[in-house]
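Asker: need coordinates for the below:
(2 chains)
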Number of protein chains: 2
Amino acid sequence: MNNLRCDLVDAGLLIATGVDGIVGRGAVFEDVLMRLNAIIARWGTRHGAEVVHFPPVINRTHLERNGYLKSFPQLATALHGFTCDAHDGAVGEDLSTDLMMTPAACYPVYPMVAARGPLPIGGALFNIQSWCFRREPSQDTSRLQSFRMHEYVRLGTEGDVLAFREAWIVEAGALYESLQLPFRLDDANDAFFGRAGRLMASSQRERNLKIELLIAITSDTEPTACCSFNYAEDHFTDAWQIAMPDGSKALSCCVAFGMERTTLALFRHHGFDPARWPAPVRDVLYSDGR
Amino acid sequence: MNNLRCDLVDAGLLIATGVDGIVGRGAVFEDVLMRLNAIIARWGTRHGAEVVHFPPVINRTHLERNGYLKSFPQLATALHGFTCDAHDGAVGEDLSTDLMMTPAACYPVYPMVAARGPLPIGGALFNIQSWCFRREPSQDTSRLQSFRMHEYVRLGTEGDVLAFREAWIVEAGALYESLQLPFRLDDANDAFFGRAGRLMASSQRERNLKIELLIAITSDTEPTACCSFNYAEDHFTDAWQIAMPDGSKALSCCVAFGMERTTLALFRHHGFDPARWPAPVRDVLYSDGR
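Answerer: Below you'll find the predicted structure:
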């Protein structure tokens, strides 16, 4: 499996760019990814989720307010412009902008919700997709720096958001089973930075706040998280002062699908030609007849 | 029309983020954009274009090799990481990465083609979409910093690429007519920087290398370029040493659709509710029955 990246590039499924963790996508890879995206989106249509899309960049103050630069400075990435010489167009030093790369699809949802005032009765549910970026160059194809994440975010009471998470653990398990991808669920933690981060990580793990759905892609012994089910408690709702209609504290959960990872898992487990994938898997992906 | 942005945000079509030129997209806006995308993609299916997708970031050396930092330093945007204190996770100075924001969808195509060796007989044709970024914060909603571009790139002999461009000028005109969007075509130039840039811009304009399809969106007197038809001559093919199979010089043209701009034009001219758009326009966009 060490040569998975080379094999995928040779097959035209991925396109090398000369930078670790940055790849182009060929037509066949992209088509499978978009079909998975459509399947994940159907749940939102059935459950009345509000669809929102945000660009791959985010207001820097919004990330700061969520504590991202303190918790994940090693992954954070800012956008910088260039000073220009008026006479010959030469390029001088960099100038920072008020933007950063979006590290997770759900971040821009919270300031949007906060701007609307208190949550409606019953809370809120969002279906959101975005290009995400994390500065962690790696030769492991399943660890891209620039990738797409499809998320559902549920805001509400503790009962609301935990029921949402439980439902999605079942739903996602059924989806990956229908795709015949062998997976296991495990407690996990985010890659919090530094000494304080180690405490946050072990607390997160002990309290079952983050559960990952793991599939072997580039390693059998270290499977890759293709999906995660996250209980953020009041981390985001407190930062953004998001309350229930009666003024009580709102909480939030999200479920996040790594779109490239799930797509890679299909090619890794079923081969490089979707026309030859198992019939039940093709039925799930190609039920629109195309 | 000054309040178009506010009206679009109030209607939930766009979502404010607190940064000029950076907006979220509501479900209705995104649905129209994806329908336009699918219509533009159909031409590529009919003409056998190879579909490739690249992330919103690009290898910095690839942009440098194309001369982007010399020609457009004012728009260029680099990605920077942060230094981290090992003890308390504090954030120090920035560290540059080997990545920049992709300023146009076609840039990553050239290094990919170069890596394949000489062009096949008849040249090559690509259908490519990408998120693009240009550092030009503006309160004009039709001038976003982060936006999507759908392009076709044709490489071949001068005859090949100019015939492609002529065909697309007709094709695009027919598309915008079918969408009942009033447009005009005009010679144009790229925003080359500085004194040398002014010469390049006037030469580009005199020699009809860039033609834009303009539609009034936020201003009747200064319409917005929604589509451009560009003859790059040997600018990219020379930088990347891309030759025809007989070793002769290859040339390139591209046609680029501003996806958000075209979508905005529809809402500006036909109103904020697609259900009430003219029947012939709906026939074009909703012919799949959804």
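
Asker: I'd like the average pLDDT over stretch A:84-93.
Answerer: Averaging pLDDT along stretch A:84-93 yields 67.

Asker: so how far is A:M200 from the closest residue to A:S71 other than its chain neighbours?
Answerer: Distances taken as C-beta to C-beta, 6 or more residues apart in numbering or on different chains place A:F192 nearest to A:S71, at 5.3 Å, with adjacent residues excluded. C-beta here means a position set from N, CA and C on the backbone, and glycine is covered the same way. A:F192 sits 4 Å away from A:M200, going by C-beta to C-beta, to the nearest Å.

Asker: now for the two: what residues contact both?
Answerer: Each of A:S71 lies in contact with both A:F192 and A:M200 under the rule C-beta atoms under 8 Å, 6 or more residues apart in numbering or on different chains.

Asker: the residue nearest to A:S71: helix or strand, and which one exactly?
Answerer: Under DSSP states H and E, no helix or strand contains A:F192.

Asker: tally up the residues packed near it, please.
Answerer: The burial count assigned to A:F192 is 20, neighbours taken as other C-beta atoms under 10 Å in any protein chain shown.

Asker: wait, it sits on A:R205?
Answerer: No: using C-beta atoms under 8 Å, A:F192 is not in contact with A:R205, being 10.7 Å away.

Asker: what helix or strand does A:G21 sit in?
Answerer: Assessed by DSSP H and E, A:G21 sits outside every helix and strand.

Asker: check contacts around it.
Answerer: Contacts of A:G21 by C-beta under 8 Å, 6+ apart are A:136-138, A:143-146.

Asker: now do 6 Å
Answerer: Contact analysis of A:G21 by C-beta atoms under 6 Å, 6 or more residues apart in numbering or on different chains lists A:137-138, A:144-145.

Asker: among those residues, name the buried ones.
Answerer: Buried members of these, scored by 16 or more other C-beta atoms under 10 Å in any protein chain shown, are A:144-145.

Asker: return the set of residues that bridge with the nearest residue to A:H80 once chain neighbours are set aside.
Answerer: In this structure, A:H80 finds its nearest non-sequential neighbour in A:D94, 4.0 Å apart by C-beta to C-beta, 6+ apart. Beta-bridge partners of A:D94, counted by DSSP bridges, are A:F82.

Asker: touching, A:D94 and A:L79? I think so.
Answerer: No: at 9.8 Å, A:D94 does not count as touching A:L79 under the criterion of C-beta atoms under 6 Å.

Asker: neighbour count winner among the two?
Answerer: Each of A:D94 and A:L79 has its neighbours counted (other C-beta under 10 Å); A:L79 has more, 24 against 18.

Asker: do you know how far the more buried one is from chain B?
Answerer: Distance of A:L79 to chain B, given as C-beta to the nearest C-beta, to the nearest Å: 5 Å.

Asker: what's the helix or strand for the spatially most central residue of chain A?
Answerer: What sits nearest the mean C-alpha location of chain A, by C-alpha atoms, centre = their mean, is A:M149, with 3.3 Å. A:M149 is part of strand A:146-156 when elements are defined by DSSP H and E.

Asker: which elements pack onto that strand?
Answerer: Contacts defined by 3 or more C-beta pairs under 6 Å, 6 or more residues apart in numbering or on different chains; DSSP states H and E place strand A:146-156 against strand A:124-133, strand A:251-258, helix A:259-270.

Asker: now do that strand against strand B:124-133, angle only.
Answerer: For strand A:146-156 against strand B:124-133, the angle by axes from the mean of the first three to the mean of the last three C-alpha atoms, to 10 degrees is 50 degrees.

Asker: ok, and what's touching strand A:146-156?
Answerer: A:22, A:37, A:40, A:105-106, A:109, A:119, A:123-129, A:131-133, A:161, A:164, A:250, A:252-257, A:259-260, B:55, B:57.

Asker: nothing else from me, thank you.
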